[in-house]
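[1] Need a 3D model of the sequence below.
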Amino acid sequence: MSTPEILLPDLATQINDEHHSVEQAALKGLQHAWQAGKLLMLAKSAVHHGGWGAWVESNCVFSYRTARVYLQLATKIPSLDDPKWQHAASLPVRDVLALLAEKKTNEILIDPEFSKLLPPHRPEESSLIEASILKTGCLVPLVVWNGVLVDGHKRYEICTRHGIPFKTFEIEFADRNAAAKWIYTNQLARVNLSPEEFKHLSGLLSRE
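    Residues are numbered from 1 along each chain as shown. Below you'll find the predicted structure:
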């Protein structure tokens, strides 16, 4: 029994056709995700303050986290026809979000008032953090709110000083007071706080 002749040009054509179909499917998925984000923006503007999360859970067949992904796409990409986003048209949604994180790297703002809420790192702690980042990279995303850094100040300082890439995670707060309260609470969860630092942060949190 003879083996069918393999025609490489024909195979290449078929392979490229399949790749083109993958690109078209990815583009269609991105378009739907972006449109869902635009619709979510409209819904969010109509939901009463504080009720957004509950509305999503009650009315959408996907999770609140997925809603955040769609909103992020619609917020950060004004139009998929924008030339600077043409190269992302064939990427999966996850990869587009990675691009968004990279684009936001140079847009991070440091708020002096938020910085003052953070207990300073002890020298030995700073050295350990820096050694870890230099060895394995910045594995923990920086947390930002409307472009303002709310967690990861030491990692940000180390990464920018050494030119090390990092990722960001966008978090939502109702206002500055809510952001400050989150910073207090997040810092209280640190296992390396001194008794004095813990007492100070607890006192600040009790005023909220």
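[2] now the helices: where do they sit in the chain?
    In the chain, the helices defined using DSSP state H lie at 8-46, 52-59, 64-76, 93-104, 112-116, 123-136, 153-162, 176-188, 195-207.
[3] So for the fifth one, what gets flagged as buried?
    So the one you mean is helix 112-116. Phe114 (16 or more other C-beta atoms under 10 Å). Bear in mind the C-beta positions are built from the backbone N, C-alpha and C, glycine included.
[4] now what about it, what contacts it?
    Val148, Leu149, Val150, His153, Ala179, Ala180, Ile183 (C-beta atoms under 8 Å, 6 or more residues apart in numbering).
[5] Out of those, which end up buried?
    Taking 16+ other C-beta under 10 Å as the criterion, what is buried in those is Leu149, Val150, His153, Ala179, Ala180, Ile183.
[6] if I look at Pro112, how far off is Gln72?
    27 Å (C-beta to C-beta, to the nearest Å).
[7] if we can go back for a sec, make CSV out of the buried ones among the contacts of helix 112-116 and add pLDDT and distance to Ile171.
    CSV is the format used below for those (pLDDT from 0 to 100; distance: C-beta to C-beta, whole Å):
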residue, pLDDT, distance to Ile171
Leu149, 91, 11
Val150, 92, 7
His153, 91, 15
Ala179, 88, 8
Ala180, 88, 13
Ile183, 88, 11
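[8] mind putting these in TSV, distance to His49 included?
    TSV is the format used below for the buried ones among the contacts of helix 112-116 (distance: C-beta to C-beta, whole Å):
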residue	distance to His49
Leu149	25
Val150	21
His153	29
Ala179	16
Ala180	18
Ile183	21
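[9] give the contact list for the spatially most central residue of the chain.
    Note on the chain: the residue nearest the mean C-alpha position is Phe169, at 3.1 Å, using C-alpha atoms, centre = their mean. For Phe169, the contacting residues are Pro141, Leu142, Val143, Val144, by C-beta under 8 Å, 6+ apart.
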